[in-house]
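Trainee: Model the following, please.
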Amino acid sequence: QVQLVESGGGLVQAGGSLRLSCAASGRTYGRYTMGWFRQAPGKEREFVAAISWDGGTIYYTDSVKGRFTISRDNAKNTVYLQMNSLKPEDTAVYYCANKGGLVQTTPEFYDYWGQGTQVTVSS
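Mentor: Model (predicted):
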C-alpha cells in the first residue's frame with residue numbers, strides 16, 4: 001500500500017504561483033512513477049504532469065508546458081508541482097498518483113491516489 005497526501009493548494013489571482021506537494025508513505029517510493037492530475041467541476045479527470053522514478057522522463061500536458069514544473073525528492077518521498085502564471089482555467093482539484101513502471105498519462109494506469117487539494121485561480 002502507498003499513502004499519498006497532497007498539500008499547497010489555495011486561492012490565487014491570475015498570474016500568480018502555487019507549489020503543490022505530495023508526500024508518499026508506505027511501500028518503497030523511489031522506483032515509482034508519480035503523476036499529477038486535475039479535475040474541474042463537471043469535467044473528467046485530466047493528466048497534468050508525470051515524472052519517472054529517476055527524474056529522467058517527464059511529461060506535461062500541452063496547456064501547462066512552460067508554466068508548470070514537476071520535480072521529486074526521493075530522499076523526502078515527495079513530488080512537487082510548481083505552478084506559475086496561473087490562469088482561471090487551471091482551477092480544479094489537483095491529485096497526485098503513483099504507479100510502477102513507465103510514465104503514463106492515462107489515469108487508469110495509476111494504482112494509488114491522494115485525496116486531492118483545491119486550486120482556485122481568480123480572474
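
Trainee: only C-alpha atoms for contact and neighbour calcs from this point on.
Mentor: Fine.

Trainee: ok, residue 123 - how many residues close by?
Mentor: Other residues within reach of residue 123 by the criterion other Cα atoms under 10 Å amount to 11.

Trainee: no no, residue 75
Mentor: Here the number of neighbours of residue 75 (other Cα under 10 Å) works out to 8.

Trainee: before we move on, what about residue 88?
Mentor: As a burial measure, residue 88 scores 15 neighbours (other Cα under 10 Å).

Trainee: if I look at it, how far off is residue 106?
Mentor: Applying Cα to Cα, to the nearest Å, the value for residue 88 to residue 106 is 24 Å.

Trainee: Ok, residue 50 next?
Mentor: Distance from residue 50 to residue 106, by Cα to Cα: 10 Å.

Trainee: Could you check which of these two is surrounded by more residues?
Mentor: Shown here are residue 50 and residue 106; by other Cα under 10 Å, residue 50 has more neighbours (28 against 12).

Trainee: Show the model's pLDDT score for the residue nearest to that one when sequence neighbours are not counted.
Mentor: Among residues not flanking residue 50 along the chain, residue 35 sits closest, at 4.0 Å (Cα to Cα, 6 or more residues apart in numbering). Predicted confidence (pLDDT) for residue 35: 97.

Trainee: One more: residue 26?
Mentor: What the model reports for residue 26 is a pLDDT of 86.

Trainee: who touches it in this structure?
Mentor: For residue 26, the contact set (Cα atoms under 8 Å, 6 or more residues apart in numbering) comprises 1, 2, 3.

Trainee: And the buried ones among the residues you listed, selectable in PyMOL?
Mentor: The following PyMOL line selects those of the contacts of residue 26 that are buried, judged by 16 or more other Cα atoms under 10 Å:
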select buried, resi 2+3
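
Trainee: middle-most residue in the chain, spatially?
Mentor: Geometric centre of the chain, nearest residue: residue 36, 2.3 Å, by Cα atoms, centre = their mean.

Trainee: Sticking with that residue, tell me its helix or strand.
Mentor: Residue 36 belongs to strand 32-39 when assigned by DSSP states H and E.

Trainee: ok, residues contacting that strand?
Mentor: Outside strand 32-39, the residues touching it (Cα under 8 Å, 6+ apart) are 45-53, 79, 81, 92-103, 105, 107.
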